[in-house]
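> Predicted model, plus sequence, below.
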Amino acid sequence: MEILFAAMEVLARWDVALALIAGSIGGVAIGAIPGVGPAVAIAILLPATFSMDPIVGLTVLLGIYGSSMYGGAIPAILINTPGTAVNALTTYDGYPMTLRGEARRALSLAYSSSFFGGVFSVVCLILLSPVLAKVAPMFGSREIFLAALLGVILVIVAHRGQMLIAAALTGFGIFLSTVGLEPVKYSRRFTFEQSWLASGVDLIVVVLGLFALSQAFVLLTMDDEKVHIAKSRGSLFQGFRELARHPRVAAVSAGFGVLMGMIPGVGEFTAQFMSYTSARKLSKTPQAFGRGSSEGLIASETANNAVPAAAMIPLLALGIPGEALTAMMLSVFYVHNVVPGPGLFQFQMDFVVALYLALLILNVLVVGFLLVSTGWLVYLTKIPNRFLGMCILLLSFVGVYSIRNSAVDCGVAAVFGLIGFVLKRLNLPIVPIVLGMVLGGIMEVKLRASMNRVKTPLDFIDRPIALLLFCVIVVVLGSTLWRVWREWTPVDRRSNAKKASVHFTKRIAGRKTRHFETRTKKQRRKRSYDHLGS
Amino acid sequence: MADEIDTQIRTRSAGQLGFVVAALLLSLLLLINLPGQTLWLENSKSFAAQPRFWPAVAIVVMVICFALHLLRMRRRGFSKLDRAELRRWVEPLEYALWFMVYVVAVPWLGFLPMSLVLACALTWRLGYQSKTYLGLAALFAVVTVILFKGLLGVKIPGAALYEILPGGLRNFAILYL
């Protein structure tokens, strides 16, 4: 109770209140514009938050992170285009409802489910905090190294069908984290005698290039789309009543969101797919899923909104970001000399609870704002793509240039923007590069520190948490290799035309053989009859 | 319908070969440079304290994974589609150039003037030539400057051009514009 009051004291400031309002409204607006997304907004705003108090800066960023998915549901439901990437499944059931003239019902359901998911996860985490405060100090260097390694492995494994390229890009991220002066002997690594590389490659510059500039390039080279918004009637409160009729779907989906959010490298996508699949299995009308099912909409929206609060757990408790957005937030901590990790839960519990309370208030603010502003937020979806690209290009400059007023940084960001553009064109993942950069740095420091106290390899896992993490790594790697082995098929490099012609020849050949076999048999029979008859 | 949901993201095949080959060549180049660009300590306490260890791990992972991906690719010959996709990759270079010109010009001409010029000129170039769009672009530039430099106080230095302004106005321009 004391901690709760202390946390409220941390929050009871006008700048925190302003940050909450700006974060919630800004996040919803950003989410409602397809093509922007929270990653772009957070990357741009990151340098601006460095001059703020940690609680104020983090509240703005958390606000954007938590509320963008609320806003992302609007274009997903109304125009079949997800506002943020994690609203993709919302289109499956939201848009068919719009086509049936039930857009207000779908929006209302999305808001109520998102609210439930958000509040559920914050309540879970407030209840879990005492446990985390007890477990977090059990994490030493080797446990944090193993947790970071597990994060890297999970990031790679989560990219099914692209695991090799995800691993290669994670390697690229780890490589980027090693460029510059190394911290033991202060020797230079991969600087190629260039003084501007001595301080290394700045994470924020890379993030701004990969997320913001690349998105600007994508939008600038795109064609504009005509957006038709269907008119609909009805109350935006009806969804809250409807949500109450599906408590099981909502609870299971929120549970998936919390669980998946806590595991580094997994995140919203997996949570959403798992909750959607389980909701379909639990449903009495599974055939309605994908055709405007309210349960499907509840499952996807509840799960993705339960993730942001849970994703803060590995970041706050261990200092390990689970995905790109929390990786960006990590730099806010470092700038203010607040070291996230076990110490934060031990000595600054009020700060941690204040963050959770901020998220709770944020959810209330967002729903209130959405209920009154949906009518005009809809028009944000009409901003032309290329005009939006121009806006992001201009804002990206503010983000990169304000770090150290360096034109070189801007050049580096432009190069990473082009790399990000190519990756987006090829549908390849960007997140492994960012997580590789962040987790690579953590792994290097923690492995070096832990090796000083280890004499034999088995000493590395002689503590319970270390052993547990090691076992999880072995199980994840083992199950992944087993799955890859089972799904292995030799590569067929023939063109489709060639494959078709060979297939056709085989069929013909079969017919030919069958035809001749029948004919030969007939002739034999005839001959034999002839023979018999003769 | 739900059965059709696929958690796997499909990599676009056109252009993939170019990317993977370039990435593999870059990785090999880094691997060749590994001994020259990193230090190997004779009296190191452990392998983890070797400055070469982590760059080596990262580069080896890159080489192996890009090579395996290349081996696993269904199509390994350049086609028309690949060439068309490579041409698409050149398109953003124009906007990267706009960006760099803006970066170089801001310290000389100022954040507000250059933002106005870039926003309006780029909007014109993109084909939005009506007064409404140009006005919106100018408004966006002004709001961005006021919000970030004026209110949030991000560090963007005053321009050389502001030096010619009279006393009070010069200070105001350096601080807020």
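Happy to help now that I have it.
> List the contacts of the helix or strand of chain B with the lowest mean pLDDT.
Among the helical and strand segments of chain B, the one scoring lowest on mean pLDDT, DSSP states H and E is helix B:167-176, with a mean of 85. Residues from elsewhere that reach helix B:167-176, judged by CB atoms under 8 Å, 6 or more residues apart in numbering or on different chains: B:110, B:112, B:146, B:149-150, B:157-159, B:162-163, B:165. Quick note: C-beta positions are derived from backbone N, CA and C, even for glycine.
> what residue ranges in the chain score low on pLDDT?
Defaulting to chain A. A:232, A:267, A:493-496, A:509-534 (pLDDT under 70).
> my question was about chain B
In chain B (pLDDT under 70), the answer is B:1-9.
> For A:Phe145, see how far away the most centrally placed residue in it is.
The residue lying closest to the centre of chain B (CA atoms, centre = their mean) is B:Ala96, at 8.0 Å. Distance, B:Ala96 to A:Phe145, using CB to CB, to the nearest Å: 38 Å.
> and what of B:Ala173?
Applying CB to CB, the value for B:Ala173 to A:Phe145 is 51 Å.
> more crowded one of those two?
Each of B:Ala173 and A:Phe145 has its neighbours counted (other CB atoms under 10 Å in any protein chain shown); A:Phe145 has more, 27 against 19.
> where do the helices sit along chain B?
B:16-37, B:53-72, B:80-90, B:92-109, B:111-125, B:131-145, B:167-176 (DSSP state H).
> tell me which residues in the one helix or strand A:Ser331 maps to are buried?
A:Ser331 is located in helix A:324-335, with elements delineated by DSSP states H and E. For helix A:324-335, the neighbour count (16 or more other CB atoms under 10 Å in any protein chain shown) marks A:324-333, A:335 as buried.
> same check, this time on stretch A:118-128
Quick answer for stretch A:118-128 (16+ other CB under 10 Å): A:118-122, A:124-126, A:128.
> Around chain B, pick out the residues from the stretch 1-150 of chain A.
Where the stretch 1-150 of chain A comes near chain B, counting by CB under 8 Å from any CB of the partner chain, the residues are A:47-48, A:51, A:89, A:92.
> top of the residues you listed by neighbour count?
Going by other CB under 10 Å, A:Leu89 tops the residues of the stretch 1-150 of chain A next to chain B with 26 neighbours.
> and the nearest residue to that one once chain neighbours are set aside, how many residues sit next to it?
For A:Leu89, ignoring the flanking residues on the chain, the nearest one in space by CB to CB, 6 or more residues apart in numbering or on different chains is A:Ser300 at 3.8 Å. Neighbourhood size, A:Ser300 [other CB under 10 Å]: 33.
> wait, A:Ser300 sits on A:Thr91?
No - look at A:Ser300 against A:Thr91 with CB atoms under 8 Å: they stay out of range, at 9.2 Å.
> For A:Asn363, which non-adjacent residue is spatially closest?
The shortest distance from A:Asn363 to any non-neighbouring residue, by CB to CB, 6+ apart, is to A:Gly118 (4.0 Å).
> the residue most distant from the middle of chain B, which is it?
What lies farthest from the middle of chain B is B:Asn43; by CA atoms, centre = their mean that is 40.4 Å.
> need the contact list for that one.
By CB under 8 Å, 6+ apart, no residues touch B:Asn43.
> these two touch, right, B:Ala14 and B:Arg87?
No - the pair B:Ala14 / B:Arg87 is not scored as a contact, 10.9 Å apart, by CB under 8 Å.
> So between those two, which is more surrounded?
B:Ala14 (18 against 10).
> Relative to B:Phe78, how far out is the more buried one?
From B:Ala14 across to B:Phe78, the span is 10 Å (CB to CB).
> can you check A:Val207 too?
Distance, A:Val207 to B:Phe78, by CB to CB: 33 Å.
> Same question for A:Tyr186.
Using CB to CB, we find A:Tyr186 at a distance of 45 Å from B:Phe78.
> The two - which one has more neighbours?
Taking other CB under 10 Å, A:Tyr186 and B:Phe78 do not tie; B:Phe78 has more neighbours (13 against 10).
> Tally up the residues packed near the residue in the stretch 251-400 of chain A positioned nearest to chain B, please.
Nearest residue of the stretch 251-400 of chain A to chain B (CB to the nearest CB) works out as A:Gly290 at 2.6 Å. Using other CB under 10 Å as the criterion, A:Gly290 is surrounded by 20 other residues.
> could you give the angle of the host helix or strand of A:Ala310 to helix A:324-335?
For A:Ala310, the element it lies in under DSSP H and E is helix A:294-313. For helix A:294-313 against helix A:324-335, the angle by axes from the mean of the first three to the mean of the last three CA atoms, to 10 degrees is 20 degrees.
> Figure out the helix or strand that A:Val364 lives in.
Going by DSSP H and E, A:Val364 is in helix A:349-377.
> tilt between that helix and helix A:294-313?
Angle, helix A:349-377 to helix A:294-313, by the same axes, to 10 degrees: 140 degrees.
> What is helix A:349-377 packed up against?
Helices and strands touching helix A:349-377, by 3 or more CB pairs under 8 Å, 6 or more residues apart in numbering or on different chains; DSSP states H and E, are helix A:2-11, helix A:14-32, helix A:54-78, helix A:103-135, helix A:294-313, helix A:342-347.
> Kindly report the residues of the stretch 151-300 of chain A close to chain B.
A:159-162, A:164-165, A:167-168, A:170-172, A:174-175, A:177-178, A:182, A:184-185, A:187-192, A:213, A:216-217, A:220-221, A:269-270, A:273, A:276-277, A:280, A:286, A:289-291, A:296.
> Narrow the residues you listed to those in strands?
Members of these lying in strands (criterion: DSSP state E): A:188-189.
> are any of the residues of the stretch 151-300 of chain A next to chain B buried, and which?
Neighbour-count burial (16+ other CB under 10 Å) applied to these gives A:159, A:162, A:164-165, A:167-168, A:170-172, A:174-175, A:177-178, A:182, A:184, A:188-191, A:213, A:216-217, A:220-221, A:269-270, A:273, A:276-277, A:280, A:286, A:289-291, A:296.
> mind giving me a markdown table with the helices of chain B and columns for distance to A:Val307?
A markdown table is the format used below for those (distance: least, CB to CB, whole Å):
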| stretch | distance to A:Val307 |
| --- | --- |
| helix B:16-37 | 30 |
| helix B:53-72 | 28 |
| helix B:80-90 | 33 |
| helix B:92-109 | 31 |
| helix B:111-125 | 35 |
| helix B:131-145 | 30 |
| helix B:167-176 | 39 |
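> Could you count how many residues lie near A:Gly375?
Counted with other CB under 10 Å, A:Gly375 comes out at 8.
> now do the one 10 residues further on
Around A:Asn385 sit 17 other residues, with neighbours defined as other CB under 10 Å.
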